[in-house]
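S.K.: here is my input; please provide its structure:
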Amino acid sequence: MVLEYKGEEPEDAIFGILNEEKLVLGDVKVDINPITSWKSGTLENYMPQAEEHLKQVIKAEQDYKPLAKVEELEEENYNQIDNHLSNTKLRAEAIREQKQEAEERKRRTSSRSRPSLLARMREKQSILEAKKQENKITERFPKEERIM
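M.R.: Next comes the predicted model:
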């Protein structure tokens, strides 16, 4: 709501006083905007400017695209920046190929026949046992007898 007044008080001070308590009509919050002829002009001059400003605000809200930056990074074609992520078929195919390559690598590495850790440990253990047995046999005979 616009209110034209005459007086020495600045428009901002009057605005603050008039809007200290929130005025609500139905479900609509009402702001009272005081104007003076010497600062903002008369109602006849102020209203067309206010309507033009309101049109610009509405247009800016319609042009607002929150996904525009994300689309610039993700879209293959900049003509498709339309506030919807809709990548081209090429992008989807590239993702599918990457998944297939990862599955293929996983299959190749899992299909290799590697000896189990337990089997390798038992093999090492048997080698160590054989060395121990060999050392016991050589210790039965003195060094002098072994050299001959």
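S.K.: now do the strands in the protein.
M.R.: 2-4, 23-25, 28-30, 33-35 (DSSP state E).
S.K.: so what touches the second one?
M.R.: Spelled out, that is strand 23-25. Lys29, Val30, Asp31, Ile32 (C-beta atoms under 8 Å, 6 or more residues apart in numbering). No exception for glycine: its C-beta is placed from N, CA and C like everyone else's.
S.K.: looking at those, which has the most residues close by?
M.R.: The most crowded member of those, judged by other C-beta atoms under 10 Å, is Ile32 (13 neighbours).
S.K.: OK, contacts around that one?
M.R.: Met1, Val2, Leu3, Phe15, Leu18, Asn19, Leu23.
S.K.: ok, it to His53 distance?
M.R.: The spacing between Ile32 and His53, counted by C-beta to C-beta, to the nearest Å, is 17 Å.
S.K.: mind listing what's buried in stretch 6-22?
M.R.: Buried positions in stretch 6-22, judged by neighbour count with 16 or more other C-beta atoms under 10 Å: Glu11, Ile14, Phe15, Leu18.
S.K.: gap between it and the chain center?
M.R.: 44 Å (C-alpha atoms, centre = their mean, to the nearest Å).
S.K.: follow-up on the earlier one: quick check, nearest of the buried residues of stretch 6-22 to Leu128?
M.R.: Phe15 (92.4 Å; C-beta to C-beta).
S.K.: in the protein, where is pLDDT below threshold?
M.R.: 67, 69, 71-91, 110-114, 137-148 (pLDDT under 70).
S.K.: one more time with 80, if that's ok
M.R.: 3, 5, 37-38, 40-41, 43, 62-94, 107-115, 134-148 (pLDDT under 80).
S.K.: next, name the residue at the spatial heart of it.
M.R.: Val70 (9.2 Å; C-alpha atoms, centre = their mean).
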